[in-house]
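*Asks:* One predicted model, sequence on top.
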Amino acid sequence: MEKLRFGVIGIGNMGTSHATCLAKGEIRGAELTAICDVNPERLQTVRSKLGEHIHTYTDPEAMFDSGEIDAVLIATIHYTHPSLAILAFEKGLHVLIEKPAGVFTKNVRQMNDAAARSGKVYGIMYNQRSNPLYQKLRDLVVSGELGEIRRTNWIITSWYRSQSYYDSADWRATWSGEGGGVLLNQAPHQLDLWQWAIGGLMPSRIRAFCAFGKWRNIEVEDDVTAYVEYPNGATGLFVTSTGEAPGTNRLEVSGDRGKVVIENEQLTFYRLRVPESQFNREYQGGFGRPECWEIPIPVEKGPDKPHQVIMQNFTDAVLKGAPLLAPGEDGILGLTLSNAMYLSTWTDNWVDLPLDEDLFYDLLQERIRHSKFKQE
Ligand SMILES: NC(=O)c1ccc[n+]([C@@H]2O[C@H](COP(=O)([O-])OP(=O)(O)OC[C@H]3O[C@@H](n4cnc5c(N)ncnc54)[C@H](O)[C@@H]3O)[C@@H](O)[C@H]2O)c1
């Protein structure tokens with residue numbers, strides 16, 4: 001295959017942006033041949049801008065069967081990602097999905113199984129994995145430079161959204177239309193990086209406090225504080241909100257050999273000259289503490305167009321066998337964390353991982369039944 005022919009499905013805000021960059025030839029080795037949306041007017045408007053040679057479909061299956069595409073980029077609303085991806089895999093297509101992978105892990109597990117059966121390339125648009133700050137943190141953790149993890153702390157309250165944002169579409173911030181709030185729409189990037197950047201370490205249990213409609217007139221959560229425990233005894237805190245201004249974006253990871261802080265686009269390594277555990281073993285002087293060097297780690301500026309990094313990498317994976325920066329299978333990890341945070345809040349209790357996916361599904365269905373937005 002010389003060129004990977006893409007079809008984009010869901011031509012809204014994000015899908016239009018992805019389709020435009022493919023149509024402009026900004027991804028080497030890829031081209032846009034088809035677009036699909038349930039809204040025909042939307043399709044015509046976008047086609048008139050991108051070129052009349054682009055095929056349009058209102059039915060996803062017809063696009064999958066057309067023979068005009070090799071890969072599909074799914075940029076529809078969250079609930080539909082797994083079912084569309086499963087169908088695409090069954091039709092023999094490579095699949096790149098938008099985040100979040102879906103709304104509930106049970107469904108995403110089925111998507112992962114379908115991907116494995118198909119043998120096709122499967123990616124997820126975790127564009128923030130292209131940020132060198134988080135890549136460097138991952139490097140420091142995986143290489144052992146930071147030592148065994150002791151604590152993670154992420155305050156990510158810079159996702160400010162006003163009431164007018166929530167009022168801009170009736171499916172937004174409803175259980176039935178979107179399936180969640182800040183954990184599902186804005187923070188999935190951080191929920192992914194929170195475990196990816198520390199070498200894939202997942203908590204063993206979670207206690208969370210989600211506040212539903214605390215700052216805005218919405219039925220889902222707009223404020224969350226979650227405490228987690230890891231299998232090695234480390235602990236972590238994740239705080240997010242859409243109602244706070246000015247917000248904070250600060251990630252702190254402590255290990256046996258020091259502490260890394262990422263804030264204001266900078267990464268600082270507070271490096272202990274000897275690991276804390278060794279210092280504690282050897283030191284006999286009472287009130288002393290380990291010598292610490294504050295080191296600003298030089299990190300390249302992040303890419304101007306991070307989504308394109310993922311699309312280029314996905315294309316290279318199909319055409320040249322390049323390793324994926326964000327494999328689709330990883331989507332279930334961040335979603336497990338958010339599902340567990342809801343479940344802990346709803347049951348007012350600890351949630352152990354692996355998650356009780358059936359219980360989460362049942363409790364989500366209850367909320368969907370009482371949701372003010374009704375799916376057609
Ligand atoms: N990676 C990122 O940085 C990023 C940024 C924004 C949005 N997103 C994700 O992209 C997805 C879309 O978000 P958006 O803001 O573009 O939403 P949007 O509402 O602007 O667009 C969604 C489009 O999908 C179409 N659609 C819905 N169901 C469909 C179906 N079954 N078949 C065909 N078309 C269908 C709608 O008509 C609409 O045009 C979401 O999952 C969102 O989380 C990702």
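*Replies:* Thanks, I have it.
*Asks:* doesn't Leu251 fall inside a strand?
*Replies:* Yes - counting by DSSP: H, G, I helix; E, B strand; the rest coil, one finds Leu251 located in a strand.
*Asks:* Could you check how far it is from Gly119?
*Replies:* When C-beta to C-beta, to the nearest Å is the yardstick, Leu251 and Gly119 sit 36 Å from each other. From N, CA and C alone the C-beta is placed, and that goes for glycine too.
*Asks:* same thing with Leu137?
*Replies:* Taking C-beta to C-beta, one finds Leu137 at 32 Å from Gly119.
*Asks:* More neighbours: Leu251 and Gly119, which one.
*Replies:* Neighbours were counted for Leu251 and for Gly119 using other C-beta atoms under 10 Å; Leu251 has more, 23 against 9.
*Asks:* Pretty sure that one sits against Asn264.
*Replies:* No - applying C-beta atoms under 8 Å as the test, Leu251 and Asn264 come out as separate, 11.4 Å apart.
*Asks:* The nearest residue to Val228 once chain neighbours are set aside: what's it in contact with?
*Replies:* Leaving aside its sequence neighbours, Val228 sits nearest to Pro203 (C-beta to C-beta, 6 or more residues apart in numbering; 3.7 Å). Residues in contact with Pro203 (C-beta atoms under 8 Å, 6 or more residues apart in numbering) are Val228, Glu229, Tyr230, Gly236, Leu337, Leu353.
*Asks:* Buried subset of those residues, written for ChimeraX?
*Replies:* Selecting the buried subset of these in ChimeraX, with 16 or more other C-beta atoms under 10 Å as the burial test, is done by:
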select :228,229,230,236,337,353
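*Asks:* Looking at the contacts of Pro203, which one is closest to the ligand?
*Replies:* Proximity of the contacts of Pro203 to the ligand (C-beta to the nearest ligand atom) peaks at Leu337, which lies at 16.1 Å.
*Asks:* Can you give me every residue that contacts that closest one?
*Replies:* Neighbour list for Leu337: Leu191, Trp194, Gln195, Met202, Pro203, Ile206, Ala226, Val228, Phe238 [criterion: C-beta under 8 Å, 6+ apart].
*Asks:* quick check: mean pLDDT across the helix or strand hosting it?
*Replies:* Secondary structure assigned from DSSP states H and E places Leu337 in helix 331-347. pLDDT averaged over helix 331-347 equals 98, rounded to a whole number.
*Asks:* Then stretch 25-40?
*Replies:* Looking at stretch 25-40 alone, the average pLDDT works out to 98.
*Asks:* Quick one: neighbours of Pro306, just the number.
*Replies:* The number of residues packed around Pro306, counting by other C-beta under 10 Å, is 16.
*Asks:* Among the contacts of Leu337, which one lies nearest to Asn349?
*Replies:* Distance to Asn349, by C-beta to C-beta, is smallest for Ile206 among the contacts of Leu337, at 10.2 Å.
*Asks:* Buried ones in the helix holding Leu337, by neighbour count?
*Replies:* 331-346.
*Asks:* Just want the residue of the protein that's nearest the ligand.
*Replies:* The shortest separation between the chain and the ligand is 1.7 Å, found at Gly12 (distances taken as C-beta to the nearest ligand atom).
*Asks:* how about the nearest residue to that residue, chain neighbours excluded?
*Replies:* By the measure of C-beta to C-beta, 6+ apart, the closest residue to Gly12 outside its immediate chain neighbours is Ala75, 6.9 Å from it.
*Asks:* Which phi and psi values does that neighbour adopt?
*Replies:* phi -130, psi 40 (degrees, to the nearest 10).
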